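**Student:** my questions concern the predicted model and sequence given below.
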Amino acid sequence: MPAIALLPLVAAGWMTLQQPDPPVSVLDAAQVAVTEALQAARAAQVEVTIFNVNFPETITLYVGRDGSVDDATRKQLERTFKCKRTKRQHAIDRGLLVMLADVAARYPGKTIEYVSAYRAVDPRESRHRQGRAFDFRIPGVPLTELRDYVWTHHSEIGVGWYPQSNFIHMDHRPGDKDYAWTQIGATEHGNPYWATKARRAEAAPERPRRGAGA
């Protein structure tokens, strides 16, 4: 290449070398922004630890407060929540994952024992068959506490209390009215008193506390 043709390249290189480095404050601000973005992303996720009582294993995964999961987590959930009879897998409803993340956030560090989720052999109208239902318990947490928490903190849901089988059922039923029940043996007792009482207590204004000498 002729020497004259090299002059623009040399000049461009010289000018690049002469460009001042970005101020340290700018670099620091960029690093802070990245760190804050990562922290915000982590805060929007909940660590969920699940023990599968059907095929004994414990898994820990991260679910967004809005029910969002990445592809790897979605596949893991579908494998874990597979039908225990047919081993078939199914997509898990995002609204159900919102509830699952909320329960895990309410009881941080606790393991959720998973009893049943997707059931391929159920009737088509079953929320279990639709991938919208989850039966569970948390060791050390009373079923009645779990029951009332889910019932008072979510809507478009079904909540069933199974005291004899020792688990709580929760499901997401978009567009439908909330429904609660207690299952005793083969009998379902719909709209139980505990459901009315729990929501009435949640809606009641907090009463001012009396002083020690009152």
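**Tutor:** Nice, I can see it. Numbering: from 1, shown residues only.

**Student:** and the gap between A180 and G160?
**Tutor:** With distances taken as C-beta to C-beta, to the nearest Å, A180 is found 7 Å from G160. C-betas here are computed from N, CA, C, even on glycine.

**Student:** what's stretch 187-194 in contact with?
**Tutor:** Applying C-beta atoms under 8 Å, 6 or more residues apart in numbering, the external contacts of stretch 187-194 come out as 144, 147-148, 160-161, 179-183.

**Student:** try it again at 6 Å.
**Tutor:** 181-182 (C-beta atoms under 6 Å, 6 or more residues apart in numbering).

**Student:** look up which helix or strand the residue sitting nearest the centre point of the chain falls in, please.
**Tutor:** The residue lying closest to the centre of the chain (C-alpha atoms, centre = their mean) is A101, at 2.1 Å. Using DSSP states H and E, A101 sits within helix 94-106.

**Student:** quick one: list the elements packing against that helix.
**Tutor:** Other helices and strands packing on helix 94-106, by 3 or more C-beta pairs under 6 Å, 6 or more residues apart in numbering; DSSP states H and E, are strand 45-52, strand 167-172.

**Student:** what's the offset of the shortest one from the middle of its chain?
**Tutor:** Once both centres are worked out by C-alpha atoms, centre = their mean, to the nearest Å, strand 167-172 turns out to sit 14 Å from its chain's centre.

**Student:** separation between the residue nearest to the centre of the chain and A44?
**Tutor:** Computed as C-beta to C-beta, the A101 to A44 distance reads 10 Å.

**Student:** what's the answer for I184, then?
**Tutor:** Counting by C-beta to C-beta, the gap from I184 to A44 is 40 Å.

**Student:** next one: L96
**Tutor:** When L96 is compared with A44 (using C-beta to C-beta), they lie 18 Å apart.

**Student:** quick one: the helices in this protein?
**Tutor:** 3-18, 24-43, 71-80, 94-106, 143-153, 193-203 (DSSP state H).

**Student:** mean pLDDT for those: which is lowest?
**Tutor:** Lowest mean pLDDT of the helices of the chain: helix 3-18, a mean of 50.

**Student:** the residue nearest to the centre of the chain against D66, yeah?
**Tutor:** No - with contact defined as C-beta atoms under 6 Å, A101 does not count as touching D66 (8.3 Å).

**Student:** how many neighbours does V150 have?
**Tutor:** The number of residues packed near V150 is 22, by other C-beta atoms under 10 Å.

**Student:** ok, now D71?
**Tutor:** 7.

**Student:** Y107 now?
**Tutor:** 15.

**Student:** mind checking how far it is from P163?
**Tutor:** Counting by C-beta to C-beta, the gap from Y107 to P163 is 19 Å.

**Student:** more neighbours: which of L96 and A44?
**Tutor:** Legend: neighbour count by other C-beta under 10 Å for L96 and A44, higher for L96 (23 against 14).
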